[in-house]
Each structure stands twice: as C-alpha cells, then as structure tokens.
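Chemist: Predicted model, plus sequence, below.
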There are 2 protein chains.
Amino acid sequence: MNDSRPIRAKSGTNHEGTSAHNRRVMIDALRINGALSRADLARATRLTKQTVSNIIEELERDGLVSSQETVRRGRGQPSTPYGLVPEGAFAIGLQIDRHVTRAVAVDLVGSVLVRDEAGLPPGGPSNGTKVILDLVAGIRSKLAGIVQQSEKRLVGLGAAMPGPFGVAGSGDDPWMMEAWQKFPLLETLTAGTGLDVGLQNDAAAAATAERMVGAAHGLDHAVCLFVGYGIGAGLILNGELYRGTNGNAGEIGMALLFADGKSTPLEHRASLASLYQHLSVDPADPHLYAHINDLALRGDQSIRAWVEAAAVDMRWSIHLIETLFDPQTVILCGSAPEALVNRLIAAIGPLLPSIAERRGRTLPRLQPGMADPWSVALGAAAGPISRAFDPRFAAILKDSLQS
Amino acid sequence: MNDSRPIRAKSGTNHEGTSAHNRRVMIDALRINGALSRADLARATRLTKQTVSNIIEELERDGLVSSQETVRRGRGQPSTPYGLVPEGAFAIGLQIDRHVTRAVAVDLVGSVLVRDEAGLPPGGPSNGTKVILDLVAGIRSKLAGIVQQSEKRLVGLGAAMPGPFGVAGSGDDPWMMEAWQKFPLLETLTAGTGLDVGLQNDAAAAATAERMVGAAHGLDHAVCLFVGYGIGAGLILNGELYRGTNGNAGEIGMALLFADGKSTPLEHRASLASLYQHLSVDPADPHLYAHINDLALRGDQSIRAWVEAAAVDMRWSIHLIETLFDPQTVILCGSAPEALVNRLIAAIGPLLPSIAERRGRTLPRLQPGMADPWSVALGAAAGPISRAFDPRFAAILKDSLQS
DNA sequence: CTTAATAAGTCAAGTGTCTTGACTTATTAC
DNA sequence: GTAATAAGTCAAGACACTTGACTTATTAAG
C-alpha cells in the first residue's frame, strides 16, 4: 500500500480565524450600513457588546475606523457611531486593455484618489511591461504625495484584462491580448512592484466595482453584464465574486449563437469590437471613445442600427443569465461610452419572460451600472480591498492566516 | 432622523463556530479521502495533533467515526485510521414528481437503506399530501426496523421536486406541478413529520447526490445537467450547491432557444416530456420507464430521431454551462432510463469548442452520472446530511449555531 | 424638579477551544 | 541492539468570546 496519494481536506480554524472573521464582519457592516454604534454592531453581528468594543478599539488603533459625533436616539445614553476611515487602506487597480492601460489608486471606501493612463504599444508583453510598471510606479508616487503612510497601507495591486485565461485562442488578434493572456503577468507584476497581486477578467473587475460602490452594493446575488471591447458577465454569488475553475466563469462573449445554420460568438455581435467593425473605424484611435459618445448622443443612424441588433442579443443574454443564476438583479455596465450604454438599455427593454418575473420583486430586473472607462481599473483595485477586508469563508481558514 | 431601517450584517462567530467548523472539516476529509489517522488529519487540516485527537474522540463518542485496524507505514508508531460510521446519521429523501412520489432513507455515507414509492393521484397537493406523508412514515418505520436508534440519528428530510419555485407559470399542466410549486410544502412536511425539512429542485438534488457519492465527489466546481420530465442544471460552485436568490438557479430548461423566428424553451425540445410527446405515449403509464429503456437499448428508430435532435440542443447547453460556470466537469445525469442517457451521451459528442478546452485537463469535459429513477430522492436525502456535516461558511456563523 | 426607565458602554472574572512543548509508545533501519 | 522516526498523549498556557454587574447619559412621566 503506497500511501503517497495527497490527502485533500479543507483547512481548520482557530481563535485567529474567529477574530479575523469578526473584524471583517464589522468592516462589512460599516461599509453596507454606514456608521454604526457598538451597540448596533453587537445586535447586527450577534456578538456581545464587549467583543464589539474590543474589536472596534483594535480597528480604531489600526486606523480603519473612527468615531463620529454622538447621536441621541431617545432614552438612554447617546450612542457613538463609528465609520470607516477612507484613508485606512489603499489599493492600486490596473486595467490592461488592447490599446491602453489604466491605473488608479483607490481607498478603503472605493474613492479614486489618483488615476493615470498610458497607451500600450503593439507587440504584447514584451513591449508593454515597462509601460505598465512605470504607470503603476507613477500612481504610487502620486498617491504618496497626497496621503501620508500610503505605502504602509497599500493592501495590494489588482490587475484586470480581457479573458479568457489559459485557453488556446484563435491567434488572429494584432493587439496580442492572447500574448498577454499567456504571459506570466502575476509573477511579473509581483516582482516589479513588490505588492500582493491579483488578476481577474474585466467583467469580473466591473462586478467587483459595482459591489463595492455601485448598484450591487450589499447584494448577495448580482450579475454584471459588461460591455467593453468584448462582452462578459461578472458574477457576484453568495456575496462574493465567483471565478470558476480557471477564473473564466462568466465569459458569455464566447457563447455561441446559432442562426442561419452558422454559429457566431455573442462577442462578434454585441461588443465594442463589433460596433467598431460596423462603423469601420480604427479601434486604436484615441478619440474614438468621445466620438462614439457623440454619435450615440446625436442618435446617429448607423449607431442606432447596431444598437437595435445588439440589443436583441443582449436581451437574450440577460434572459439566460436570469435563468441560470437567478440573481437579485442584472446590472448593465461597461467600459463603453455612457450614452451608448444608455441607448442599449433603452433598446433592450422589455425583457424576455423568465424566472426573474415574480411577485414581490423590489429590485428591477435590469439596472444601469457604471459606464466609465475607469470602472474596470476601479474594480481591479476593489479586488485586493475585498480580499483584505470582506468576510469570506476562505479568510477564516488556517491556510489563509499569517497576519 | 428615524433610525428604524434594519441593519444588515453577516453574523460573527465564536469558539463554538470554530469547533463546529473543525468537526465538519474532519468529517469532510474522511468522506473524501476514506479512513485517515489523527496525524494525517492534523497535517491535512493544519490543526495540531492534540486538537485533532480531541475532536476525533468527541466524534467517536457521538458515533460518527470509528477506529480501524492499525496500519504500519514504515518507521514510527503504527497509525490508527478512523473512518466514518455509516449508521452515524440518517436522512430521508423525498422526490415529488408528476405521477409518482419516491422516498428513501440514506445513511451518512450515502447508502440507500430503504426505498419506496407511491403513485400520486391527479389533483395536486390536496390529494397528494396524505400519500406523501404516509410514504415518509412508512420509510421511517422500516428504517427503524433495520437499524437501532434511527430516529435519534435522523438529521432531516430533504424534498425535491421540479422547479421553478414562486414563478407565475402557464397553468396548462394537468398534473398540477404548479399547484405543488405554490403549495406551502415546507410547512406541511415540517408539521407532518416533525423533522427539519429542506426543499430543492430535482436538478439540484441530482447534483447533491453526485457530490456525495457520484462523479462530483470531492470536486469544487461541477455542473450536473439533469434530464428528467424537464431539464435543469444542478450547480456545485465552490464545493457547495448554489441555489440563487430563490432556489431557481440552473433552471436551464426555461432558457429560450430562437430558431425560425420563434422562441422555444429548451425543455420543450430536450426532456422526457418532449420524448413522450414525440412518441405519443401516456406519461402516466407506470411501465413507460422500462418501455423507453427497451426502445433505447434496441435502437428504435423513433427514439434515435429524438436523441439526435435533443443531442444538438444539449450539446449547446453544455457549451453554455462551460462558458458561464467554468466548471471542472459537466455531469450528465437524469431520472431517465439509463440506456437513453447513454444514447444521449454518445450522440452529444463531440462537444462544441469552449473555454473548457485547455491543456492539462485531467477530468473529461462531459461524463455520465447517475441515471436512475432513485437518484433524485437520494440527492434530496443528501441535502440534510450535507447541511448537517459539510464544512460551509454559514455553519460557522453564530446565527446557525444552536446545537 | 425629581425620579424611573432605558440604552450605551465598561470592568473583571469566567469559559471554551486551540496551541505548545515535553513525553511515551511502537515500529523500522542500520 | 541501538538510533531514528512517527503516532499519539499529557498538562499547562494562550487567546478571544461571554457573562453579569456596574457606570454613565439621556428621555419620559409625575
């Protein structure tokens, strides 16, 4: 009996895990509800007043929360609300797109403090790595100029780029996203910045952003349909981003549609790439974003035609998302001109019938999210903040504790 | 400032939560790996030998694990493996289908000890409730005749029926599944049995079964495509069944397919219901199952035609599941005749290209699961066992602790 | 104005569960 | 026969939450 097969098991937990969880629960509660008193926190978390007091004291020492003015609420001693301190933690978010890379510095509550972008030369990682590392270095030094102790309070760097990861692709993309997808980006960024680095696809980043400061704030189940150069879905399931086995969950752009006996990926019909092709414009044109926004605002005929066609496919995508994920709401967002997203939303309705149609709904089935070229970078930055501060199963387990 | 808005927060945890988690982790490790020594468990769970010893001792007292013969593994003191005791816990599983209801008693390791079924009269809950409660009572008394203390070790009753739940339906189903879906089944079963009752849709139950004793055993991300009277997907995400906001996640049968300008739910094209219609047979015929199995085995022409057509839609369903969930594998199962499922699997291949095609795969993209009229009832029973013994986030939180 | 009711928050001792480090036991390798 | 190695135990210790009494601050009511 050769007993060298690896034993698979979840990790156990201990006091530290308990405490780490409770800290995270407090921070989460303050993020969702705004400032709360110790007594409020004790009731909401089911912990004792004493425990809450101890943890709040510790969080205050760590500069993550601070007390506000006391509030009189009827009989009894007035309560002292505690709120998150925005400058308690920072994260850098990095978006790598086809022709451009964007970086932001974000604080604990999701405000963008610094932002910068740079053009990405063609040629993939071999030409782009330095540009990216310089951009990140610049953001860090600008952040250090604005706030004290920023480097000490930097919890990590989140990177976002179009997926899918680790999949053999078509190889016909001159902007080399495939090269980026194969490139050991995590290792390169870790080595180049010394930070804790995470990587997700752009739709996931958009969902993370919506969860921290947008329409998915405080929701347990929400799906962001993200329209960028491609199209993808960012999945918030059970209050956490769902990544799938290889970080590719939600890559709805690769879903095949069948029509007229041929199959076409959704991405070829409903994405900025398809719009650019429809309009015969150069995707690398730096003024394209504003130009498209203009056209959309003016109701340009050519845009309208594309919107009408894309809306049909997106209506179906939303139907499918509702059917498979049963979310509380679907959020349409994008790194696409806002006017375009608004036209899309208008054209998508009314939605197809689905299990989402039920009595007693409080949230709309479809709502607009951020449509902003910076939302992906923001979401990328929200990743490390969430990893560091949000309550989640993995944070309780011993193998994640090393504080 | 009216401050009566409810405060939303996750619950905190304490020592009991820690301990509950560690107990569950041990049980899970023994379930996945088979019998393990205390030292093995300590290494796998990252807990200390002492902690493991204490917990094992407690689990042994509770009759959930027992020691086996010592094993010599080279130098050092021989180890004493501990394994799960099958009769350490039981659960009742109940399937409510259109024309029949089935119930099983299952033990801690997922063996079916007792099974029984009864025809369901037309008319929905008003006529069927008594049949169901009698069936469950019969199962319980038979179980009590086989094993000692079965009632004390009964952790709950899991019920499964076709979804979706809580959705306005078409109202054209003479077998009144819609009436069942609206009926307060949970309350009725709780009152009628005195047990802790859970409810899920049949595809979710099938997935739960595959996770406990089938092809999804020990996997973190797997999707079961379940072919029954309808068709649905049971989702294992992050090692747990994913239910969605209203327990309707995975209802892929309601996904609309567009062809020739019309939309049709997948269910109308790939499900036993569609097969029955194709064959013009009576779905209430009790011999239908064996009959279909026979036809499938013999390669009947009419079945082949349906299989070919359904396989096209199922191939697409699998592609979509891979694209949206990025699972380790997709499992095709059903409460459908096994020969039919085998024909379907044969006809579905080769699969469509998707993100699941990657170098270094170890699991097949599609594999057969249970195709057995009893698998849904088994999965229904696996629900309470999983809730009681599997490690999960919710089990750590204070609001779930009352032991 | 005085007193009772109410609620926030603190204090100090208590409890439960994991950890630590030394020790015992059983086996194989040399 | 002895050393090395690994399983498992013992007893004390540490840590984080809990308990219950107490203090403080405010409003409601007579």
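Modeler: All right, it came through fine.
Chemist: Okay, and the beta partners of the residue nearest to residue A:334 when sequence neighbours are not counted?
Modeler: Among residues not flanking residue A:334 along the chain, residue A:227 sits closest, at 3.7 Å (CB to CB, 6 or more residues apart in numbering or on different chains). For glycine as for every other residue, the C-beta is placed from the backbone atoms N, C-alpha and C. Beta bridges link residue A:227 to residue A:231, residue A:334, judged by DSSP bridges.
Chemist: Quick check: residue A:227 touching residue A:272?
Modeler: Yes - here residue A:227 reaches residue A:272: they are 6.8 Å apart, a contact under CB atoms under 8 Å.
Chemist: Need the overlap of contacts for these two.
Modeler: Common neighbours of residue A:227 and residue A:272, counting by CB atoms under 8 Å, 6 or more residues apart in numbering or on different chains, are residue A:336.
Chemist: mind listing what the residue nearest to residue A:334 touches?
Modeler: By CB under 8 Å, 6+ apart, residue A:227 lies in contact with A:270-272, A:314, A:332-336, A:341, A:344.
Chemist: Likewise for residue A:316?
Modeler: Counting by CB under 8 Å, 6+ apart, residue A:316 touches A:257, A:352, B:256, B:258.
Chemist: how would you label the residue in the stretch 201-350 of chain A that DNA strand C sits nearest to: helix, strand or coil?
Modeler: Among all residues of the stretch 201-350 of chain A, residue A:218 sits closest to DNA strand C, at 21.8 Å; criterion: CB to the nearest atom of the strand. Three-state call for residue A:218 (DSSP: H, G, I helix; E, B strand; the rest coil): coil.
Chemist: Would you agree it is in contact with residue A:29?
Modeler: No - look at residue A:218 against residue A:29 with CB under 8 Å: they stay out of range, at 10.2 Å.
Chemist: Could you check which of the two has the larger neighbour count?
Modeler: residue A:29 (22 against 13; other CB atoms under 10 Å in any protein chain shown).
Chemist: quick one on the thing from earlier: so which of the contacts of residue A:227 also contact DNA strand D?
Modeler: Applying CB under 7 Å from any atom of the strand, the subset of the contacts of residue A:227 adjacent to DNA strand D is empty.
Chemist: Stretch A:272-286: which residues count as buried?
Modeler: In terms of neighbour count (16 or more other CB atoms under 10 Å in any protein chain shown), stretch A:272-286 has its buried residues at A:272-276, A:279.
Chemist: What is the end-to-end distance of that stretch?
Modeler: Start-to-end span of stretch A:272-286 (CA to CA, to the nearest Å) is 14 Å.
Chemist: what do residue A:218 and residue A:29 both touch?
Modeler: Here residue A:218 and residue A:29 have residue B:8 as joint contacts, going by CB under 8 Å, 6+ apart.
Chemist: Determine which two of the contacts of residue A:316 are furthest apart.
Modeler: Taking every pair in the contacts of residue A:316 and measuring CB to CB, the maximum separation is 14.6 Å, between A:257 and A:352.
Chemist: Show only the entries of the buried residues of stretch A:272-286 found in strands.
Modeler: Counting by DSSP state E, no part of the buried residues of stretch A:272-286 is found in strands.
Chemist: possible to save these as a markdown table with pLDDT?
Modeler: Listed next are the buried residues of stretch A:272-286 as a markdown table, based on pLDDT from 0 to 100:
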| residue | pLDDT |
| --- | --- |
| A:272 | 92 |
| A:273 | 91 |
| A:274 | 93 |
| A:275 | 95 |
| A:276 | 93 |
| A:279 | 93 |
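Chemist: Looking at those, which are in helices?
Modeler: With DSSP state H as the criterion, helices contain A:272-276, A:279 from among the buried residues of stretch A:272-286.
Chemist: wait, which of the residues you listed is closest to residue B:83?
Modeler: Nearest to residue B:83, judged by CB to CB, of these is residue A:273 at 55.6 Å.
Chemist: Find the nearest non-adjacent residue to that closest one, please.
Modeler: Residue nearest to residue A:273 in three dimensions, not counting chain neighbours: residue A:229, with 5.3 Å by CB to CB, 6+ apart.
Chemist: swap in residue A:156?
Modeler: residue A:384 (3.1 Å).
Chemist: show me the contacts for the residue nearest to residue A:273.
Modeler: Contacts for residue A:229 (CB under 8 Å, 6+ apart) come out as A:97-98, A:162, A:271-273, A:283, A:335.
Chemist: For the helix or strand that contains residue A:60, which residues meet the burial criterion?
Modeler: Assigned by DSSP states H and E, residue A:60 falls within helix A:49-61. Burial within helix A:49-61, assessed by neighbour count using 16+ other CB under 10 Å, is assigned to A:51-52, A:55-56, A:59.
Chemist: Who are the contact partners of residue A:233?
Modeler: Shown in contact with residue A:233 (CB under 8 Å, 6+ apart): A:203, A:207, A:223-226, A:250-252, A:317, A:321, B:324.
Chemist: need these in JSON lines with neighbour count, can you?
Modeler: Below are those laid out as JSON lines (neighbours: other CB atoms under 10 Å in any protein chain shown):
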{"residue": "A:203", "neighbour count": "33"}
{"residue": "A:207", "neighbour count": "32"}
{"residue": "A:223", "neighbour count": "30"}
{"residue": "A:224", "neighbour count": "34"}
{"residue": "A:225", "neighbour count": "27"}
{"residue": "A:226", "neighbour count": "35"}
{"residue": "A:250", "neighbour count": "30"}
{"residue": "A:251", "neighbour count": "30"}
{"residue": "A:252", "neighbour count": "26"}
{"residue": "A:317", "neighbour count": "24"}
{"residue": "A:321", "neighbour count": "23"}
{"residue": "B:324", "neighbour count": "27"}
